[in-house]
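Asker: Sequence and predicted structure, then a few things I'm wondering about:
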2 protein chains.
Amino acid sequence: MSSIPPPERHAPPAPRGPGAGARQSSLREANLRLVLSTVCAAETPLSRAGVAATTHMTRSTASRLVDELVAGGLLTELARPAGSGPGRPATPLGVARGTVAALGLQVNAGFLAAQVVDLSGATLAARVVAGDFVGSSPSQVLARLADLAREVSAQAAPAPRFVGARVALPGLVTSDPGTTLLRAPNLGWSDLDVAAGLGPPLTPAGETIPVRLGNEADLAALTVATTAPGRPGPVADFVYLSGEIGIGGAIVLDGAVMSGRHGWAGEIGHVCVDPDGPACRCGSTGCLEQYAGRRALLRAAGMPHATPAELVEAVRAGDATARAALGAATRALGVALAGVVNVLDVPTIVLGGHLGQLADVLEDDLRDLLATRILSAGWVPPAIASATDPTAGARGAALRELASVLAEPARWLA
Amino acid sequence: MSSIPPPERHAPPAPRGPGAGARQSSLREANLRLVLSTVCAAETPLSRAGVAATTHMTRSTASRLVDELVAGGLLTELARPAGSGPGRPATPLGVARGTVAALGLQVNAGFLAAQVVDLSGATLAARVVAGDFVGSSPSQVLARLADLAREVSAQAAPAPRFVGARVALPGLVTSDPGTTLLRAPNLGWSDLDVAAGLGPPLTPAGETIPVRLGNEADLAALTVATTAPGRPGPVADFVYLSGEIGIGGAIVLDGAVMSGRHGWAGEIGHVCVDPDGPACRCGSTGCLEQYAGRRALLRAAGMPHATPAELVEAVRAGDATARAALGAATRALGVALAGVVNVLDVPTIVLGGHLGQLADVLEDDLRDLLATRILSAGWVPPAIASATDPTAGARGAALRELASVLAEPARWLA
DNA sequence: CTATATAAGTTGTGCGGAACAACAAACACC
DNA sequence: GGTGTTTGTTGTTCCGCACAACTTATATAG
């Protein structure tokens, strides 16, 4: 006669997230995360004992956590090299290859790209399709991108578990729902739900892959900040400049992309370099983009239909117009970047896109200009590097998704 | 015959800090921190049950942690108001007053300041001494500051426990040891060990108080970001501009001051506003400081010995020269700040120092200028606020020291 | 004035997870 | 083959939080 229904035994309300009290399980999660990132970040493969040493945990604890990660398919035991030294030989650990992966997509003015990258940072599949997408139809382009996505996700064999997909876009993106493109001037797109535009959800293994968006420069910068998921790159603090038709940018602080309150940080292309300069389509005047953007630069050099490589040739050949244009661009870069460095104290510049291709011919002048305009240049001289992979946005998009595995390993144990 | 010495039973090597494995005690520390900051941040006093509710901990856990903090002298039980509602009345909790405090010092071109601030944010003692310290002798000035420090720390009665002292300085400060001033152009000081210059260590209660340094703009910005230790201010993300002889600045992201790789971030005064502008003492040209710095602005207004308040009067009276100078300063601020906002996506500006005093007469024009130059102004219009306490640096210095109590409550339990 | 409802705070038990210590395993070197 | 050295595993202990039951203190209904 139990007329009273049993009290609904639903799971605890899971009050996770920051600002919530730490429970016992938080310890395990934190240490699981620590072990995984330690193995990811290691230059040379670590053993269980090595993990224990670098994390200052006991060998027993480290061993237990490693075992969980190995059983969950995130780590693997590598073959151990013969002849190492005295004592019991260690079993080196590595990030599992091909078990967990993410899909990185990119829409650019000149191409579409799609990549599958796994947790070890290996590219399992990749495709690039050239085209001219300036002023293109969003629906057609996104349908084509979805085809590309299906293609590469099928190519990755054996099929990995997909943690997510992200689209790198040359424009302003909302960060709250993360599926709306506000404005991409080079494509002529605005107010667009990109996730919806991709059509039916991607379900390579039955599971639906969530699709998110990101700014192309932010994501390209991520490939410089981290060479593989959890593995920091050569520099941890830098300003990334992505030269396209216009100029995008990103700020990386301590290995993390600073995307700002609404996700719109890094618009260095619209820093004012000369208030009396030419009008910019953004409504301001004298924006950096008007001097060093690809279209403006090539036009000023008198070779509007040339490539950046051809501009380099012309400059080296002594073409006066080309030299003047390059000089103006370099001076503009000096003013804008010096401002950024003075404000942020991040004296490393990474030039990407066409600016990366021009790095050889402008690097020295730019360094000199920065040295005179940066207040702290006397103590820490500015450094300039370049990155030239055009599809860095797609790879960065995948890396960004994989970062969620490092953030919450327990969620992704098989 | 124990020739073998007993194994030195020293305490565990305490491998604290980030990147180290979390142990059981980490849980307690994290929750202790959470409880303390929750009580600090609460608008209206919380009870033990209230703490449990906001932190999602159980009442028993919250209660135990609160008891520890009360016993340790960091929290207190307040008198409970009569007549609240049904149920057992709650005992409201508050931050203990006068038990734990920090010493905030400030050296400015026009005054010295010293304050004692306790964990509740109350000022227990304060002194300001006017003077002209441009081109002054560091040793004399620091000796006087040390006297002031001794004075205010004796005034605070009953004697609190001092967690630290910090000196706010208008210049570049090293962050590694944190006791060396690299360069303070307005004072004419450079390469100076300020902690040593203060003379014999401050020991109000027998214990030596560690002395650290900080940039004045960074610390003044902290008083806007947090109204009291652990209590966030009205805005969490903003750019702070400190108008002095020159112009200092600070970037606050998510309530924390972004001080940069070496602690030199925020030098907005040397952002280039016009590459063809006047030469600046920093070696660059057209720096913001040359238009909107106090000295430059008053000189351009034709009233080099006036105060900012007198400039406001002249502008309101229709003085053409003053108006032109203010217009030029406003335009320069527009260019520089728009650049910062475009790069950082932090569309709130707080004007301090003389710029705070001028806020009334330049705010509207500045907002309009920013609206045309900020890329995202259409979605989030820029906001402008002002702060006018000249000794904000000293208070910020104390707040900064008190933050270490919130970071590690266990270290400061009585 | 008593009974009931409601909410705050306390007490005791159980459990998850890391520390610690002891042990087994696998190699190099003498 | 013995010894030393380092890795990895196993069992015990201890710490800190969750959970549930209980006590305390008020307001409100009858």
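Answerer: Looks like it came in fine.
Asker: so where is the stretch 51-200 of chain A shaky, pLDDT-wise?
Answerer: Within the stretch 51-200 of chain A, the stretches with pLDDT under 70 are A:83, A:177.
Asker: need the residues of it near DNA strand C, please.
Answerer: Proximity of the stretch 51-200 of chain A to DNA strand C (Cβ under 7 Å from any atom of the strand) is limited to residues A:57-61, A:64-65, A:82-89. Placement of C-beta: from N, CA and C, glycine included.
Asker: Just those residues: which are in helices?
Answerer: A:59, A:60, A:61, A:64, A:65 (DSSP state H).
Asker: My guess is residue A:293 contacts residue A:242. True?
Answerer: No: look at residue A:293 against residue A:242 with Cβ atoms under 8 Å: they stay out of range, at 10.8 Å.
Asker: who has more neighbours, the two?
Answerer: Each of residue A:293 and residue A:242 has its neighbours counted (other Cβ atoms under 10 Å in any protein chain shown); residue A:242 has more, 30 against 26.
Asker: and the more buried one, that's in a strand?
Answerer: Yes: counting by DSSP: H, G, I helix; E, B strand; the rest coil, one finds residue A:242 located in a strand.
Asker: List just the nearest of the ones in helices among the residues of the stretch 51-200 of chain A next to DNA strand C to residue A:158.
Answerer: Distances from residue A:158 to those, taken as Cβ to Cβ, are shortest for residue A:65 (26.2 Å).
Asker: ok, that closest one to residue B:126 distance?
Answerer: Separation of residue A:65 from residue B:126 (Cβ to Cβ, to the nearest Å) stands at 52 Å.
Asker: Comparing those two, which residue is more hemmed in?
Answerer: residue A:65 (25 against 18).
Asker: how about the nearest residue to the more buried one, chain neighbours excluded?
Answerer: With sequence-adjacent residues excluded and distances taken as Cβ to Cβ, 6 or more residues apart in numbering or on different chains, residue A:65 is closest to residue A:35, at 4.5 Å.
Asker: do the same with residue A:257
Answerer: Computed as Cβ to Cβ, 6+ apart, the closest residue to residue A:257 that is not its neighbour in sequence is residue A:218, at 4.9 Å.
Asker: Output the contacting helices and strands for the strand or helix carrying the one you found.
Answerer: Assigning secondary structure by DSSP states H and E places residue A:218 in helix A:216-225. On a contact count with 3 or more Cβ pairs under 8 Å, 6 or more residues apart in numbering or on different chains; DSSP states H and E, helix A:216-225 meets strand A:161-169, strand A:238-243, strand A:247-253, strand A:256-258, strand A:348-352, helix A:392-407.
Asker: For it, the averaged confidence score.
Answerer: Averaging pLDDT along helix A:216-225 gives 97.
Asker: likewise stretch A:321-328?
Answerer: For stretch A:321-328, the mean per-residue pLDDT is 96.
Asker: ok so, going back, now the residue nearest to residue A:257: how far from residue B:170?
Answerer: 34 Å.
Asker: Look at those two and report which has more neighbours.
Answerer: Between residue A:218 and residue B:170, residue A:218 has the larger neighbour count (other Cβ under 10 Å), namely 29 against 25.
Asker: tell me which element residue A:341 falls in.
Answerer: Per DSSP H and E: residue A:341 is located in helix A:320-344.
Asker: so what secondary structure elements neighbour that helix?
Answerer: On a contact count with 3+ Cβ pairs under 8 Å, 6+ apart, helix A:320-344 meets strand A:238-243, strand A:247-253, helix A:289-292, helix A:294-300, helix A:308-317, helix A:353-373, strand B:247-253, helix B:320-344.
Asker: List just the one of those that sits closest to DNA strand C.
Answerer: Comparison of the helices and strands packed on helix A:320-344 against DNA strand C by Cβ to the nearest atom of the strand identifies strand A:247-253 as nearest, at 29.2 Å.
Asker: Can you name the residues in contact with the closest one?
Answerer: A:170, A:215-218, A:220-222, A:224-225, A:235-242, A:257-259, A:265-269, A:288-289, A:292-293, A:340, A:344, A:346, A:353, A:355, B:258, B:343-344 (Cβ atoms under 8 Å, 6 or more residues apart in numbering or on different chains).
Asker: What of stretch A:167-178?
Answerer: Outside stretch A:167-178, the residues touching it (Cβ under 8 Å, 6+ apart) are A:104-109, A:145, A:180-187, A:189, A:194, A:198, A:211-217, A:219-220, A:244, A:246, A:248, A:259, A:262-264, A:393-394, A:396-397, B:375-376.
Asker: tell me the domain ranges of chain A?
Answerer: With domains defined by automatic domain parsing, chain A comprises A:24-76, A:100-222+A:392-412, A:233-386.
Asker: Any idea which of those domains gets closest to DNA strand D?
Answerer: domain A:24-76 (3.2 Å).
Asker: can you tell if that closest one touches DNA strand D?
Answerer: Yes: using Cβ under 7 Å from any atom of the strand, domain A:24-76 reaches DNA strand D at A:24, A:47, A:48, A:49, A:50, A:59, A:60, A:63, A:64, A:67.
Asker: how long is that domain from one end to the other?
Answerer: This stretch, domain A:24-76, spans 27 Å end to end (Cα to Cα, to the nearest Å).
Asker: same thing with stretch A:404-412?
Answerer: One end of stretch A:404-412 sits 9 Å from the other (Cα to Cα).
Asker: coming back round to it: so which of the helices and strands packed on helix A:216-225 is nearest residue B:413?
Answerer: When the helices and strands packed on helix A:216-225 are compared by Cβ to Cβ, helix A:392-407 sits nearest residue B:413, at 32.2 Å.
Asker: Report the contact partners of residue A:219.
Answerer: Taking Cβ under 8 Å, 6+ apart as the contact definition, residue A:219 lies against A:104, A:166, A:168, A:392, A:393, A:394, A:396, A:397, A:399, A:400.
Asker: hmm, back to that, possible to save the helices and strands packed on helix A:320-344 as a markdown table with distance to DNA strand C?
Answerer: Below are the helices and strands packed on helix A:320-344 laid out as a markdown table (distance: least, Cβ to the nearest atom of the strand, whole Å):
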| stretch | distance to DNA strand C |
| --- | --- |
| strand A:238-243 | 34 |
| strand A:247-253 | 29 |
| helix A:289-292 | 50 |
| helix A:294-300 | 51 |
| helix A:308-317 | 52 |
| helix A:353-373 | 43 |
| strand B:247-253 | 31 |
| helix B:320-344 | 37 |
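Asker: right, and the ones you listed - which one's nearest residue A:136?
Answerer: Closest to residue A:136 of those, according to Cβ to Cβ: helix A:294-300, at 16.8 Å.
Asker: CA atoms only for that closest one, dumped as CSV, please.
Answerer: Once non-C-alpha atoms are left out, helix A:294-300 reads as follows in CSV (Å, rounded to 0.1, in the frame of the first residue of the first chain):
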residue,chain,number,x,y,z
ARG,A,294,47.0,44.0,-47.9
ARG,A,295,44.7,45.8,-50.3
ALA,A,296,45.8,49.3,-49.2
LEU,A,297,49.5,48.4,-49.2
LEU,A,298,49.5,46.8,-52.7
ARG,A,299,47.4,49.7,-54.1
ALA,A,300,49.8,52.3,-52.6
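Asker: what is the mean pLDDT for that helix?
Answerer: In this model, helix A:294-300 has a mean pLDDT of 94.
Asker: what do you get for stretch A:359-376?
Answerer: 95.
Asker: now the helix or strand harbouring residue A:115, how far from the chain's geometric center?
Answerer: Using DSSP H and E, residue A:115 maps to strand A:111-118. Per Cα atoms, centre = their mean, to the nearest Å, the displacement of strand A:111-118 from the mean C-alpha position of its chain is 12 Å.
Asker: Pairing partners for that strand, with directions?
Answerer: Note on strand A:111-118: by DSSP bridges, its sheet partners are strand A:100-107 (antiparallel), strand A:123-130 (antiparallel).
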